[in-house]
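Peer 1: Sharing a model that was predicted from the sequence below.
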Number of protein chains: 2
Amino acid sequence: MKHYIGIDLGGTNTKIGVVDLEGNLIISKIIKTHSKQKVDKTLERIWETSKELLVKCDIPLFSVLGIGIGIPGPVKEQSIVGFFANFDWEKNMNLKEKMEKLTGIETRIENDANIIAQGEAIFGAAKGKKTSITIAIGTGIGGGIFLNGNLLTGMSGVAGEIGHMKVVKDGKTCGCGQNGCFEAYASASALVKEAKERLKLNEDNLLYKEINGDLEELEAKNIFDAARKGDEFSKDLLEYESDYLALGIGNLLNIFNPECIVISGGISLAGDEILIPVKEKLKKYTLLPALENLEIKTGVLGNEAGVKGAVALFI
Amino acid sequence: MKHYIGIDLGGTNTKIGVVDLEGNLIISKIIKTHSKQKVDKTLERIWETSKELLVKCDIPLFSVLGIGIGIPGPVKEQSIVGFFANFDWEKNMNLKEKMEKLTGIETRIENDANIIAQGEAIFGAAKGKKTSITIAIGTGIGGGIFLNGNLLTGMSGVAGEIGHMKVVKDGKTCGCGQNGCFEAYASASALVKEAKERLKLNEDNLLYKEINGDLEELEAKNIFDAARKGDEFSKDLLEYESDYLALGIGNLLNIFNPECIVISGGISLAGDEILIPVKEKLKKYTLLPALENLEIKTGVLGNEAGVKGAVALFI
């Protein structure tokens, strides 16, 4: 039996998993990234943990065919990291080479949003589709575009930055410093921000009650739960969310005409509460032929998307 | 010497050309499409004209390696036309098969905006670039996306409809019936429409003088010319145009991170008058790494883009 190691390198935590050819996660472990100890130290700790996991499952090293790593930053040719979004490791680092030298095993690396898209395309919600776009919606909005078996990465690994597509000219300020970004309207954080502003003016609703009036406690999940219980205030917020989501997705449909859109990340927890209005509103923003035979789904890999997606780079 | 025949099938006119392997147009002729005579008749007339052109240039039939045809409508797998935008020929027609039966020569067909992109990518402004996007701006805005040697066509041939990407939520009404489309702001027609509205309120400018106050006569070219002569009113109009153009292009850069953007069609006649402000304004709308090493150019194939692009399908 052949296996792969998938690594989801994060700002704080790094998840390491052993995955088989069918995408089954055999075993996994989360360790601290401790990026301040510098890249070599972190890679060594990751590799030690990987070997421990293999020993635990009685998997010999020679049956590991490859190592995939998801990176928070742009990646060129599955080898060179333009920069790491959360820590100060050197720019334009050939992480593939470093890891291969350390492990002796073929390594492929890719941007983390692209990894999720690859995972959903190979093992998940878009399995079997030639072309799919996965939109990871949480604190920000990341996109991974899977075209005929390949990820779209662009000239310098920046492709897929759909969160910074402008959907409102000179609109709300985004974390990137520019205005009117898709992310500034439709990310889970943007939804929570909008909800807080509205809750300051309106306390007479179930959502306010459920969080005991403590706005600091508010998460997107509270809004989804209250909407499911029939709270009109929360339903209005999901209308807002789904309208901007449909606008952004509609743009992607007109540009790519894909077979499948996968919504993953925090917002996907809203399930049909968000999918149904998005599908309805898409008619307002999309050329009709691009809606024919289109599937829109929520992601199925959840917390395992990073590790499984990293392994999917080899499939 | 080997040759190809390129055909630019239009609503009113069809241009037919003989092109060599280097993309040189040897001879060409424009005939009426007369689509009402039905597809078979039109194809026969096109084929007769093609053969006449070959005879005129002493090119034997056996040296023609292929026929490329640009179509006003979505095309699947370079063979099936979803629908023809301007005439009522049957839907989902396999035009490739029809033409091959008639001529005995391998035929490839593609959407006309895609054809222009292919032409610029193979023979024109983006020659040698792995990834380029050509934006044809005239009455509408069409896009062709060239990725690593292939055109992006999508599941049903609709991909590249960047003119209907929404740039202003619930904004101006577009010809497609939806609101806020890129085309409703940045096409040459949209620019002329905006200019007319402004001219109704302000007659004290060079542009008004140059068209002798006859708003019906106004074309985008008049605005470019007046701006070049220093007319502030016309310069403001180019500011408006370049701002929306930069917004739309910025979105494409964030999504595709291409090496090259080519602006073709009527607006490209403005040259530096539009390229310089667009480049400046892109900083407001684009993630900076996507601007590094980017080239933005005007198209070079001009009126020959359709015929040469059709032939570029074979290169």
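Peer 2: Arrived safely.
Peer 1: got a list of what the residue nearest the centre of chain A touches?
Peer 2: When C-alpha atoms, centre = their mean is applied to chain A, the residue found nearest the centroid is A:Ala136 (3.6 Å). Contacts for A:Ala136 (C-beta atoms under 8 Å, 6 or more residues apart in numbering or on different chains) come out as A:Ala113, A:Ile116, A:Gly142, A:Gly143, A:Gly144, A:Ser264, A:Gly265, A:Gly299. C-beta coordinates here come from the backbone N, C-alpha and C atoms, glycine included.
Peer 1: State whether it is indeed within a helix.
Peer 2: No. Looking at A:Ala136 with DSSP: H, G, I helix; E, B strand; the rest coil, it is strand, so not inside a helix.
Peer 1: correct me, but A:Glu175 touches A:Ile141?
Peer 2: Not Glu; residue A:175 is Gly. No. At 10.5 Å, A:Gly175 does not count as touching A:Ile141 under the criterion of C-beta atoms under 8 Å.
Peer 1: could you measure A:Thr179 against B:Lys284, distance?
Peer 2: Quick fix: residue A:179 reads Asn, not Thr. 8 Å (C-beta to C-beta, to the nearest Å).
Peer 1: Please apply the same query to A:Leu269.
Peer 2: On the measure of C-beta to C-beta, A:Leu269 and B:Lys284 end up 34 Å apart.
Peer 1: what does stretch A:206-220 contact?
Peer 2: Contacts for stretch A:206-220 (C-beta under 8 Å, 6+ apart): A:188, A:191-192, A:195-196, A:199-200, A:202-203, A:222-223, A:225-226, A:229-231, A:233-234, A:237, A:266-267, A:269-270.
Peer 1: repeat that with 10 Å
Peer 2: A:137-138, A:187-193, A:195-200, A:202-203, A:222-223, A:225-227, A:229-234, A:237-238, A:241, A:265-267, A:269-270 (C-beta atoms under 10 Å, 6 or more residues apart in numbering or on different chains).
Peer 1: Do you have the helices of the stretch 101-250 of chain A handy? List them.
Peer 2: Listed in chain order, the helices of the stretch 101-250 of chain A (DSSP state H, counting those that start in this stretch) span A:112-122, A:182-186, A:188-201, A:206-210, A:220-228, A:232-256.
Peer 1: Give me the spatial nearest neighbour of A:Ile261, chain neighbours excluded.
Peer 2: Spatial nearest neighbour of A:Ile261, excluding adjacent residues (C-beta to C-beta, 6 or more residues apart in numbering or on different chains): A:Ile296 at 4.7 Å.
Peer 1: what's the answer for A:Ile145, then?
Peer 2: A:Leu152 (4.0 Å).
Peer 1: For the nearest residue to A:Thr173 once chain neighbours are set aside, grab the count of nearby residues.
Peer 2: Distances taken as C-beta to C-beta, 6+ apart place A:Asn179 nearest to A:Thr173, at 5.5 Å, with adjacent residues excluded. Number of residues near A:Asn179 (other C-beta atoms under 10 Å in any protein chain shown) recorded here: 16.
Peer 1: quick revisit: model confidence over the helix or strand hosting the residue nearest to A:Ile261, on average?
Peer 2: Assigned by DSSP states H and E, A:Ile296 belongs to strand A:295-298. Strand A:295-298 shows a mean pLDDT of 97.
Peer 1: just stretch A:250-269 next, same as before
Peer 2: 96.
Peer 1: One more: stretch A:208-225?
Peer 2: Mean predicted lDDT for stretch A:208-225 stands at 96.
Peer 1: and that stretch, how far out from the chain's middle?
Peer 2: 24 Å (C-alpha atoms, centre = their mean, to the nearest Å).
Peer 1: Any idea how far apart the tips of it sit?
Peer 2: Using C-alpha to C-alpha, to the nearest Å, the end-to-end distance of stretch A:208-225 comes to 12 Å.
Peer 1: One more: stretch A:223-237?
Peer 2: End residues of stretch A:223-237 are separated by 8 Å (C-alpha to C-alpha).
Peer 1: give me every residue that touches the closest residue to chain B within the stretch 101-250 of chain A.
Peer 2: At 2.4 Å from chain B, A:Gly154 is the closest residue in the stretch 101-250 of chain A, using C-beta to the nearest C-beta. Contacts of A:Gly154 were listed using C-beta under 10 Å, 6+ apart, and they are A:74, A:76, A:145, A:160-161, B:131, B:147, B:253-259, B:289-290.
Peer 1: Farthest-apart pair in these, please.
Peer 2: Distances among the contacts of A:Gly154 were taken as C-beta to C-beta; the most separated pair is B:Leu147 and B:Pro289, at 18.5 Å.
Peer 1: before we move on, back to that, C-terminal to the strand holding A:Ile296, what's the next element?
Peer 2: helix A:305-312.
Peer 1: tell me what that next one is packed against?
Peer 2: Where contact means 3 or more C-beta pairs under 10 Å, 6 or more residues apart in numbering or on different chains; DSSP states H and E, helix A:305-312 is packed against strand A:3-9, strand A:13-20, strand A:25-32, strand A:64-71, strand A:107-111, helix A:112-122, strand A:131-137.
Peer 1: now it: mean pLDDT?
Peer 2: On average, helix A:305-312 scores 96.
Peer 1: Also compute the angle for it relative to strand A:25-32, please.
Peer 2: 120 degrees (axes from the mean of the first three to the mean of the last three C-alpha atoms, to 10 degrees).
Peer 1: Show me how far helix A:305-312 is from its chain's centre.
Peer 2: How far helix A:305-312 lies from its chain's middle: 11 Å, per C-alpha atoms, centre = their mean.
Peer 1: Stretch A:174-187 too?
Peer 2: With C-alpha atoms, centre = their mean, you get 16 Å for stretch A:174-187.
Peer 1: and what of stretch A:121-139?
Peer 2: 10 Å.
Peer 1: Over to stretch A:206-225?
Peer 2: Worked out by C-alpha atoms, centre = their mean, stretch A:206-225 lies 24 Å from the chain centre.
Peer 1: picking that back up, now do the contacts for the residue nearest to A:Thr173.
Peer 2: A:Lys166, A:Val168, A:Lys169, A:Asp170, A:Gly171, A:Lys172, A:Thr173, B:Lys284, B:Tyr285.
Peer 1: just A:Asp88 next, same as before
Peer 2: A:Asp88 neighbours (C-beta under 10 Å, 6+ apart): A:Ser35, A:Lys36, A:Lys38.
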